[in-house]
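Asker: structure for this input, please:
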Amino acid sequence: MAELDIERAEGLLESARGPFDQGDLAGVAGLAYQAFESAMIALTDVINGTDSGGHAARRVRAKDLLSSHRDKIDFLWEVRNVDFYGNPQLNQPKRKLTNKEVKEALDTVGIILEDIKQMLTSKNTKGY
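Answerer: Residues are numbered from 1 along each chain as shown. Here you go, the predicted structure:
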């Protein structure tokens, strides 16, 4: 099952890169975040036997399992929200994502995805 989620994550990330490479930013960071979530579903399924269930729970669990990426996970959440809703949180000013932020989101998800794949292939999931 984890293999399917990893394949989905890779496909979503690749789908996000296409529009970005053509200069389109709309939806790219959100799609990259979804790739991150699919990879997290794979990891938590292997570790816990089930998904954490929901965006917020998955993000909390991701910060526990991928503690070296804690700040980047917060960054991904923020750009996801700006991409989908126009602001980082409710009642905050609307803004647009920059090209730099979107590229950073894509690169960050790529790095995290590789780390998750490494954890899964090395079976480095004990103790979580």
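Asker: Arg58 - nearest residue in space that isn't next to it in sequence?
Answerer: With Cβ to Cβ, 6 or more residues apart in numbering as the criterion, Arg58 has its nearest non-adjacent residue at 4.6 Å, and that residue is Ser52. (Glycine included, C-beta is placed from N, CA and C.)
Asker: for that neighbour, the count of nearby residues, please.
Answerer: 22 (other Cβ atoms under 10 Å).
Asker: what of Gln118?
Answerer: Gln118, neighbours per other Cβ under 10 Å, totals 10.
Asker: just use 34 as the starting number from now, easier for me
Answerer: Fine by me, first position is 34 from now on; the one you just mentioned is Gln151.
Asker: what comes into contact with the helix or strand encompassing it?
Answerer: Using DSSP states H and E, Gln151 sits in helix 132-154. Under the criterion Cβ atoms under 8 Å, 6 or more residues apart in numbering, residues 35, 39, 42-43, 46, 49-50, 53, 58, 61-62, 65-66, 68-69, 72-73, 75-76, 79, 99, 102, 105-106, 108-109, 112, 115, 157-158 lie in contact with helix 132-154.
Asker: change it to 7 Å
Answerer: 35, 39, 42-43, 46, 49-50, 53, 58, 61-62, 65, 68-69, 72, 75-76, 79, 99, 102, 105, 108-109, 112, 158 (Cβ atoms under 7 Å, 6 or more residues apart in numbering).
Asker: sec struct for the residue nearest to Arg91, please.
Answerer: coil (DSSP: H, G, I helix; E, B strand; the rest coil).
Asker: put the buried members of the contacts of helix 132-154 into a PyMOL selection.
Answerer: PyMOL command restricting the contacts of helix 132-154 to the buried ones, with burial defined by 16 or more other Cβ atoms under 10 Å:
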select buried, resi 35+39+42+43+46+49+50+53+58+61+62+65+68+69+72+75+76+79+99+102+105+108+109+112
